[in-house]
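Q: would you be able to build a 3D model of this:
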Amino acid sequence: MNKSKLLTFAAIAILFTAIGAYFGAKHFNPAPAEDTAVAALMRTSLPDTKNQQRAFTEWKGKTLLINFWATWCPPCVEEMPELVELQADMAGRNVQIIGIGIDSPSKIQQFSEKLQISYPLLIAGMQGTELSRQFGNQAGGLPFTVLIGPDGKIRQTYLGRLDMKKVRADLASL
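A: A predicted model of the protein is given here:
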């Protein structure tokens, strides 16, 4: 390979590396959720890790923290022990954390058994990506979490690994 081609490839590689670094470091805010997102969620039922269908109406009237995640997503996995702790701390306070897995049923089931997740994990596969888009996650990034008040209104959305101090403050304000 001649020197000019090598320099051209190197320049292209540096350019794409810079573009990737820019988009990797830039924090994208979710778009506003669709007005019908919560209503659509409440009409939805998904299987849990035991293959039992769970309807979201089961949790109607509760404060919901809906966490879209995947087993292959490192920040998703990192925040799960904190979500387990948060669910334990919120016991008896009308707060329910629900994980919506965007992954295969077998992987989610194995993951659930291995980590002893104490809140419901529902299996959505690629349907979960569309659900999260309705809540404003146009980029399809994970983890993506939605805080829904007991009145069914979206109070907050979080894209990326959760800041638990912020989540706890948001829950306390409800």
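
Q: show me where pLDDT drops low in this structure?
A: By pLDDT under 70, the weakly predicted segments of the chain are 1, 5-35.

Q: so where do the strands sit in it?
A: Listed in chain order, the strands of the chain (DSSP state E) span 45-47, 53-55, 63-69, 95-101, 121-123, 144-148, 154-159.

Q: please identify the most buried of those.
A: Comparing the strands of the chain by mean neighbour count (mean count of other CB atoms under 10 Å), strand 144-148 ranks first with a mean of 26. C-beta coordinates here come from the backbone N, C-alpha and C atoms, glycine included.

Q: so how far is that strand off the chain centroid?
A: Centre-to-centre, strand 144-148 and its host chain are 7 Å apart (CA atoms, centre = their mean, to the nearest Å).

Q: swap in stretch 58-70?
A: Relative to the mean C-alpha coordinate of its chain, stretch 58-70 is positioned 11 Å out (CA atoms, centre = their mean).

Q: ok, back up a step: redo the strands of the chain as JSON lines? Include distance to residue 4.
A: Shown next, in JSON lines, are those (distance: least, CB to CB, whole Å):
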{"stretch": "strand 45-47", "distance to residue 4": "56"}
{"stretch": "strand 53-55", "distance to residue 4": "61"}
{"stretch": "strand 63-69", "distance to residue 4": "47"}
{"stretch": "strand 95-101", "distance to residue 4": "49"}
{"stretch": "strand 121-123", "distance to residue 4": "53"}
{"stretch": "strand 144-148", "distance to residue 4": "45"}
{"stretch": "strand 154-159", "distance to residue 4": "43"}
